[in-house]
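Chemist: Model the structure of this input:
(one chain, ligands or ions: 1)
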Amino acid sequence: MITIFTRRGKRIEILSERELPRPRLAGSRVRAFCPIHGSDHQRSLSIDPASGWGYCFNAACQARVLIAEWNPSAAHHLLGTDSSLRREQPADPEEPTASWATAPSYTHWRSQPATRSRASSVLRHWQEEERRLLRALEPIMQEALQSSSLGRAYLYQRAIPLETALASGVGLLTPAIIARLPRARQRRLLQRWSERLIFPLQSESTKGYIGRTLAGWQPGMDENEHKQLLEYPGRPQRWIKTNPAGCFSLPRKELAPQLIVVEGTFDRLALMAAGLRAEEVVALAGTALPLSWLPAHVRRVLLALDGDEGGREATARLSAQLRGQGRAVSRCLIPLDGQGKDWNERWRLSGRAGLQPLLNSYRCLY
Ligand SMILES: [Zn+2]
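Modeler: The predicted structure is shown next:
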């Protein structure tokens, strides 16, 4: 355990996952006895396994903790392990003062082989069960999307026909579905997925999911207004994913030899609504494509990512990787012509005309 004081005087305890006494899963949080105040009465430490950050409920303790292995970059930053990088960055009022320098070395956590500690097995088990539950609920979530006026109105607003969404495996996880789960543990586990459109993903080894919240959305609201609404503190995250996640596509072996790769799940649905076949379009659902994800029979790839800086960077990186694998690569960045920031928005605003740059590039691929 290492204690850090930020410049504002905020105290943070950095722990290794191995220092968590008897961790247990409670809903989407990991609960453990607090090693800071040393209680063994209750698991007063509550940690978000996704971010590694947590705090102690005990009124006399209220420790703020970071689990180093679950958020290595934050731990590195707080521990000042990369001082050259730190100097180049603008002054950060939260940047820690020099107390880390006298703290015991944290590098031994990294040099030791990863031990299968109780905490990480809890985390792994939680992630597996989450995927398993979502998989089991797929048919029910599809029915719910079909019968939900909210879900249908949302798809309509994004100009995606219900049939296209259903054919791609999209469903809706309603609070009613969660309430009907027999075990309290299952209900807690899926709570963060409530009120979300659920998209099945293909990872290399298994099936993953990504969920888009509809919380706060009302018919007539476009996705940009909804996005703004969700940016207020305390609102649900717009998208959440399982771990592993994967790409939104057909199973990898069913993909066509020539592909269009887009960023968003709704971009893929828009292209399919415009008549492209399911086996021709892959959505990254992010901007990363694991090097070994694309099967060998895919020979030609059209990268059609967003036109912003992230999209341009990802296009350059993916082009180099795919060419390195001996595949032909074309690019079609989304034009910055004010007709929509992504393919779904262009489809919604202008129909086929909005997709024309992509369709032209795709024809040239053959
Ligand atoms: Zn405590």
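
Chemist: Check which helix or strand I12 maps to.
Modeler: Using DSSP states H and E, I12 maps to strand 11-15.

Chemist: I260 now?
Modeler: Per DSSP H and E: strand 258-262 holds I260.

Chemist: And I240, by the same measure?
Modeler: Remark: I240 resides in strand 239-241, with elements defined by DSSP H and E.

Chemist: Quick check: mean pLDDT of that strand?
Modeler: The pLDDT scores in strand 239-241 average 88.

Chemist: Excluding chain neighbours, give the residue nearest to whichever residue of the stretch 151-300 of the chain sits closest to the ion in space.
Modeler: Nearest residue of the stretch 151-300 of the chain to the ion: R188, at 22.6 Å (CB to the ion). Where C-beta positions appear, they are placed from N, C-alpha and C, glycine not excepted. Of all residues not flanking R188 in the chain, G27 sits nearest, at 3.8 Å (CB to CB, 6 or more residues apart in numbering).

Chemist: That neighbour contacts Q186, doesn't it?
Modeler: No - using CB atoms under 8 Å, G27 makes no contact with Q186, being 10.7 Å away.

Chemist: Do I have it right that R252 meets W293?
Modeler: Yes - counting by CB under 8 Å, R252 touches W293, with 7.0 Å between them.

Chemist: hey, what's in contact with both of the two?
Modeler: Taking CB atoms under 8 Å, 6 or more residues apart in numbering as the contact criterion, the common neighbours of R252 and W293 are E204.

Chemist: hey, where'd the helices end up in the stretch 151-300 of the chain?
Modeler: 162-167, 175-179, 184-190, 223-230, 265-273 (DSSP state H, counting those that start in this stretch).

Chemist: Could you say which of the ones you listed is packed most deeply?
Modeler: Of all the helices of the stretch 151-300 of the chain, helix 265-273 has the most neighbours on average by mean count of other CB atoms under 10 Å, namely a mean of 27.

Chemist: what about E13, neighbour count?
Modeler: Neighbour count of E13, defined by other CB atoms under 10 Å: 20.

Chemist: same check, this time on H125
Modeler: When neighbours are counted by other CB under 10 Å, H125 registers 11.

Chemist: Show me the beta-bridge partners of the closest residue to it other than its chain neighbours.
Modeler: The shortest distance from H125 to any non-neighbouring residue, by CB to CB, 6+ apart, is to L25 (7.4 Å). Beta-bridge partners of L25, counted by DSSP bridges, are V30.

Chemist: Relative to the ion, how far out is L25?
Modeler: Counting by CB to the ion, to the nearest Å, the separation of L25 from the ion is 19 Å.

Chemist: contacting residues around that residue?
Modeler: 31, 122, 125-126, 185.

Chemist: Now flag whichever of these is closest to the ion.
Modeler: For the contacts of L25, the residue nearest the ion by CB to the ion is R31; the value is 11.9 Å.

Chemist: So what's the residue count around the residue nearest to the closest one when sequence neighbours are not counted?
Modeler: Nearest residue to R31, sequence neighbours excluded (CB to CB, 6+ apart): R43, at 3.8 Å. Neighbouring residues of R43 were enumerated by other CB under 10 Å; the total is 21.

Chemist: Then the one 4 residues further on?
Modeler: Close neighbours of I47, defined as other CB under 10 Å, add up to 25.

Chemist: Confirm for me that I47 is in contact with W53.
Modeler: Yes - using CB under 8 Å, I47 makes contact with W53 at a distance of 7.0 Å.

Chemist: shared neighbours, these two?
Modeler: Residues touching both I47 and W53 (CB under 8 Å, 6+ apart) are V65.

Chemist: Where does the prediction get shaky in the chain?
Modeler: 7, 39-40, 80-123, 233-234, 287, 366 (pLDDT under 70).

Chemist: So which residue is dead centre in it?
Modeler: Nearest to the centroid of the C-alpha atoms of the chain, with distances taken as CA atoms, centre = their mean, sits K241, at 4.0 Å.

Chemist: Disregarding flanking residues, what is the spatial nearest neighbour of that residue?
Modeler: Of all residues not flanking K241 in the chain, I210 sits nearest, at 4.7 Å (CB to CB, 6+ apart).

Chemist: Over to R192?
Modeler: With CB to CB, 6+ apart, the residue lying closest to R192 is S28, at 5.1 Å.

Chemist: which ones are touching the one you found?
Modeler: Contacts for S28 (CB under 8 Å, 6+ apart) come out as 48-49, 126, 188-189, 191-192.

Chemist: how about 10 Å then?
Modeler: Counting by CB atoms under 10 Å, 6 or more residues apart in numbering, S28 makes contact with 48-50, 126, 130, 188-193, 240.

Chemist: For those, name the two members farthest from one another.
Modeler: D48 and L190 (16.3 Å; CB to CB).

Chemist: Share the number of residues neighbouring G9, please.
Modeler: Applying other CB under 10 Å, we find 7 residues neighbouring G9.

Chemist: how about it, phi and psi?
Modeler: Backbone torsions of G9, given as degrees, to the nearest 10, read phi 90, psi 10.

Chemist: how close does it sit to T3?
Modeler: Distance, G9 to T3, using CB to CB, to the nearest Å: 12 Å.

Chemist: again, but for Q142
Modeler: Distance, Q142 to T3, by CB to CB: 50 Å.

Chemist: Those two: who's more crowded?
Modeler: Per other CB under 10 Å, whichever of Q142 and T3 has more neighbours is Q142, with 17 against 13.

Chemist: Does the more buried one touch I177 like I think?
Modeler: No - using CB atoms under 10 Å, Q142 is not in contact with I177; the gap is 11.1 Å.

Chemist: between the two, what contacts are shared?
Modeler: By CB under 10 Å, 6+ apart, Q142 and I177 have these common neighbours: G171.

Chemist: Right, I'll leave it there.
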